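Undergrad: Task: produce atomic coordinates for the following.
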Amino acid sequence: MSVPTGTPTEFLYAFSDHPTHAMTNPDQTQWRNLLENPAAMSSVFGGADPDLSDARLLGIDIAEGGSLLTLKLSVNQAPGSQSGRWKTANAISMELQCLGLEQASISTRSGDSTVSCEIKNEDGKGRIIRMIGPSTDVVIRCGFLRVNHLVPYTADNSREAM
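TA: All right, here's what the predicted structure looks like:
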């Protein structure tokens, strides 16, 4: 797969029919196989990866040197491990580190931070991370991807019921 060049909008349209539509990928449950440290996900979620189609983007940090980008996400899914501090958790906060950053297209505005996140292999050359939501369009191309941090918490889902 070649990554298109051009404006961020052209870049995003090259990946989907429309950048604000939710993405679907039947292989999405196996995105852990694209991580440098898949055991981190296995230890928390067991055999199935968390569904990233309804995640919340909490932040994006770019390291001073520019070759590391960190994505902070929240996923409303209980961990598979139900011991200790994980016992009452119904959500996970995670940091994904994009190492060997090659390209990033980030477009955001105030509003809903819910995103559909898709992680793909780029023909063995690296990873492409795509996040699309009502107020967010992000496409990242990097050499490697790893989980840096996983924290359980109890999410207040009462707003979703409204």
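
Undergrad: Contacts for the lengthiest helix in the chain next, please.
TA: Assignment by DSSP state H gives helix 38-45 as the longest helix of the chain. For helix 38-45, contacts defined as CB atoms under 8 Å, 6 or more residues apart in numbering pick out 32, 35, 49-50, 77, 79-81, 86, 92, 146-147, 150, 152. C-beta: built from backbone N, CA, C; applies to glycine.

Undergrad: Please identify the helix or strand for the residue nearest in space to the middle of the chain.
TA: Taking CA atoms, centre = their mean as the criterion, residue 117 is the residue nearest the geometric centre of the chain, at 4.7 Å. Residue 117 belongs to strand 114-121 when assigned by DSSP states H and E.

Undergrad: what's the following helix or strand after that strand?
TA: That would be, after strand 114-121 and using DSSP H and E, strand 127-133.

Undergrad: in its sheet, what does the helix or strand following that following strand sit against?
TA: Next along the chain after strand 127-133, taking DSSP H and E as the criterion, comes strand 136-153. In the sheet, strand 136-153 lines up against strand 91-108 (antiparallel), strand 127-133 (antiparallel) (DSSP bridges).

Undergrad: got the angle between strand 136-153 and strand 114-121?
TA: Put simply, strand 136-153 runs at 100 degrees to strand 114-121, going by axes from the mean of the first three to the mean of the last three CA atoms, to 10 degrees.

Undergrad: Start and end of stretch 122-130, how far apart?
TA: Stretch 122-130 stretches 12 Å from its first residue to its last (CA to CA, to the nearest Å).

Undergrad: List the buried residues of that stretch.
TA: 122, 126, 127, 128, 129, 130 (16 or more other CB atoms under 10 Å).

Undergrad: gap between that stretch and the chain center?
TA: Distance of stretch 122-130 from its chain centroid, counting by CA atoms, centre = their mean, to the nearest Å, is 13 Å.

Undergrad: Over to stretch 78-88?
TA: The answer for stretch 78-88 is 21 Å, by CA atoms, centre = their mean.

Undergrad: if we can go back for a sec, only the buried members of the contacts of helix 38-45: can you turn that into a PyMOL selection?
TA: Only the buried entries of these go into this PyMOL selection, using 16+ other CB under 10 Å:
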select buried, resi 32+35+49+50+77+79+81+86+92+147+150+152
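
Undergrad: what's the lowest-pLDDT member of the contacts of helix 38-45?
TA: Minimum pLDDT for the contacts of helix 38-45 is recorded at residue 81 (66).

Undergrad: on that earlier part again, make CSV out of the contacts of helix 38-45 and add distance to residue 140.
TA: Formatted as CSV, the contacts of helix 38-45 follow (distance: CB to CB, whole Å):
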residue, distance to residue 140
32, 18
35, 14
49, 18
50, 19
77, 22
79, 25
80, 27
81, 28
86, 29
92, 20
146, 14
147, 15
150, 20
152, 26
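
Undergrad: Brilliant, that's me finished.
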